[in-house]
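Peer 1: Just the structure for this:
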Amino acid sequence: MDAPGKFEKPPVRPSPQPPEGCLAVAIRVPVRIVVLVLVVPVRLVWDGLVAGGRLLWRTVLRPVARAVFVWPWVALWRYIVVPLVKALGRLTKVLVVVPLVWLYRYVLTPVGQALAWIARQLGSGLAWVYARVLTPVGHACAWVLNGLAAGVAWVVGGVAAGLAWLGRYLFVVPAGWLYAWILTPVGHAIAWCGRGVVWLLRALGTGVGVLLYWTARILLVLPAIGLWRWVLTPVGRVLAVVGREVWDALGHAWRIAGHISRAVGRVLGTLFRWIFVEPVSWVYRTILTPVGHVVRDLVLRPAAEAARAVGRVTRQVLTAARESARQARADFRRMVFGEPKVPRPVERREPMDDDTRTLGRSTTVLTKD
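Peer 2: Below is the predicted model:
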């Protein structure tokens with residue numbers, strides 16, 4: 001049985017922090033105090049600018065930008081570009097695509113098929129000429145040229161063999177003797193002298209190089225090492241400690257200034273609510289609302305009722321005037337033209353006596369004997 005906690009992950013231990021020196025401890029507190037005093041006003045101004053910028057962006061810049069830049073482009077795209085592109089597409093289809101399709105289908109295709117048929121016929125004729133005429137003539141020419149080449153090769157081979165024998169005994173043999181007994185010893189002597197000169201130059205170069213190396217080491221390298229080790233390294237470490245502490249102090253002061261800025265913002269918001277919002281709300285709730293109700297009940301509603309009553313009376317008067325005018329026009333027409341003729345009613349239903357058409361007979365009242 002496995003021991004408990006065998007498969008559990010061991011807790012992660014934080015890496016030990018390097019011990020801090022007295023210089024870092026001595027620099028930290030005054031640097032943080034000075035940086036905090038300098039950073040708090042900057043953070044307050046920064047948070048104020050950020051809040052003002054957000055308010056300005058939400059209330060002014062974003063609506064203005066949308067009205068000035070976004071909606072004109074949207075309207076241009078929707079009502080000008082898209083219809084124009086569609087119209088150009090239809091015009092291109094009618095003026096370019098359809099004529100090209102017709103040209104390809106009814107002109108270029110028949111012409112291409114005719115040219116292909118002519119090319120096939122020409123190819124067949126050329127193939128017959130090549131097989132029946134050019135091939136036998138070529139074979140005959142090749143046989144004649146092979147014979148001529150064989151004769152020329154026999155003659156050239158004899159002449160070349162004679163020239164090779166003469167060249168061997170006139171040039172090659174004397175040149176080999178000259179190389180073996182004269183040039184080789186002279187070359188060995190020159191090579192031995194050259195190796196001696198190279199060894200001498202190498203020895204001189206080594207001595208000069210060692211001398212220059214120790215001179216440069218003593219005059220340049222050792223002072224530079226001492227300057228780096230005893231001056232620049234301690235100064236760099238001090239500057240690194242100071243820079244790290246200043247950077248940490250800036251971050252710490254920026255965070256503290258943020259808390260201070262939020263506290264100041266809450267205080268200002270509370271004061272604004274106490275000084276402006278709550279008095280205005282109290283005035284609206286305790287004074288303006290009752291006054292508005294009183295004005296509505298005592299002034300506006302009676303005025304509305306009176307206006308509605310006046311409207312009803314006016315409509316009734318106008319209706320009576322229209323009826324009087326219509327009656328006067330009717331009386332004038334009867335006086336001038338007389339009474340209008342009353343049309344006789346037309347019986348549109350079938351007769352209901354015994355002579356009516358039934359479903360069992362095909363005769364009607366009009367066709368009955």
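Peer 1: host element of Glu339?
Peer 2: Using DSSP states H and E, Glu339 sits within no helix or strand.
Peer 1: Please report the distance of it from Glu323.
Peer 2: 21 Å (CB to CB, to the nearest Å). (Glycine included, C-beta is placed from N, CA and C.)
Peer 1: Please say which of the two ends up with more neighbours.
Peer 2: Between Glu339 and Glu323, counted using other CB atoms under 10 Å, the more crowded position is Glu323 (10 against 7).
Peer 1: gap between the more buried one and Val317?
Peer 2: Counting by CB to CB, the gap from Glu323 to Val317 is 11 Å.
Peer 1: before we move on, what about Thr92?
Peer 2: Where Val317 is concerned, Thr92 sits at a distance of 68 Å (CB to CB).
Peer 1: what do you get for Val39?
Peer 2: On the measure of CB to CB, Val39 and Val317 end up 82 Å apart.
Peer 1: These two - which one has more neighbours?
Peer 2: Taking other CB under 10 Å, Val39 and Val317 do not tie; Val39 has more neighbours (23 against 10).
Peer 1: and that one, what pLDDT?
Peer 2: pLDDT, Val39: 78.
Peer 1: That one and Leu250 touch, don't they?
Peer 2: Yes - counting by CB atoms under 8 Å, Leu250 is a contact partner of Val39 at 6.8 Å.
Peer 1: Just give the number of residues close to Val31.
Peer 2: Neighbour number of Val31 under other CB under 10 Å is 18.
Peer 1: Kindly apply the preceding question to Leu201 instead.
Peer 2: Neighbour tally, Leu201, other CB under 10 Å: 10.
Peer 1: In three-state terms, label it for me.
Peer 2: Secondary structure, DSSP: H, G, I helix; E, B strand; the rest coil: Leu201 is helix.
Peer 1: how much space between it and Ala216?
Peer 2: 22 Å.
Peer 1: Ok, Leu36 next?
Peer 2: 52 Å.
Peer 1: Neighbour count for these two, which is higher?
Peer 2: More neighbours surround Leu36 than the other of Leu36 and Ala216, with 18 against 11 (other CB under 10 Å).
Peer 1: how close does that one get to His252?
Peer 2: 8 Å.
Peer 1: Kindly report the same for Arg132.
Peer 2: 105 Å.
Peer 1: who has more neighbours, these two?
Peer 2: His252 (16 against 9).
Peer 1: Show me what the longest helix belonging to the chain is packed against.
Peer 2: Criterion DSSP state H: the longest helix present in the chain is helix 233-272. For helix 233-272, the packing partners by 3 or more CB pairs under 8 Å, 6 or more residues apart in numbering; DSSP states H and E come out as helix 22-56.
Peer 1: so how far is the helix it packs on off the chain centroid?
Peer 2: Relative to the mean C-alpha coordinate of its chain, helix 22-56 is positioned 39 Å out (CA atoms, centre = their mean, to the nearest Å).
Peer 1: So which elements touch it?
Peer 2: Checking 3+ CB pairs under 8 Å, 6+ apart, helix 22-56 ends up next to helix 233-272.
Peer 1: May I have the following helix or strand past the helix it packs on exported as CSV, CA atoms only?
Peer 2: Moving toward the C-terminus from helix 233-272, the next helix or strand (DSSP H and E) is helix 278-283. Below are the C-alpha coordinates for helix 278-283, written out as CSV (Å, rounded to 0.1, in the frame of the first residue of the first chain):
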residue,chain,number,x,y,z
GLU,A,278,-28.8,66.2,-3.1
PRO,A,279,-30.0,69.9,-2.9
VAL,A,280,-31.3,69.7,-6.4
SER,A,281,-33.0,66.4,-5.7
TRP,A,282,-34.5,67.8,-2.5
VAL,A,283,-35.7,70.9,-4.4
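Peer 1: and helix 278-283, average pLDDT?
Peer 2: Mean predicted confidence for helix 278-283 is 90.
Peer 1: Which elements pack onto that helix?
Peer 2: Using 3+ CB pairs under 8 Å, 6+ apart, helix 278-283 is in contact with no helix or strand.
Peer 1: Could you check how far the helix or strand in which Gln327 is found is from the centre of its chain?
Peer 2: For Gln327, the element it lies in under DSSP H and E is helix 301-337. The chain centroid and the centroid of helix 301-337 are separated by 72 Å under CA atoms, centre = their mean.
Peer 1: what residue ranges in this structure score low on pLDDT?
Peer 2: For the chain, the stretches with pLDDT under 70 are 1-29, 338, 340-369.
Peer 1: about what we covered before: okay, the angle between the longest helix of the chain and helix 22-56?
Peer 2: 40 degrees (axes from the mean of the first three to the mean of the last three CA atoms, to 10 degrees).
Peer 1: Perfect, that will be all.
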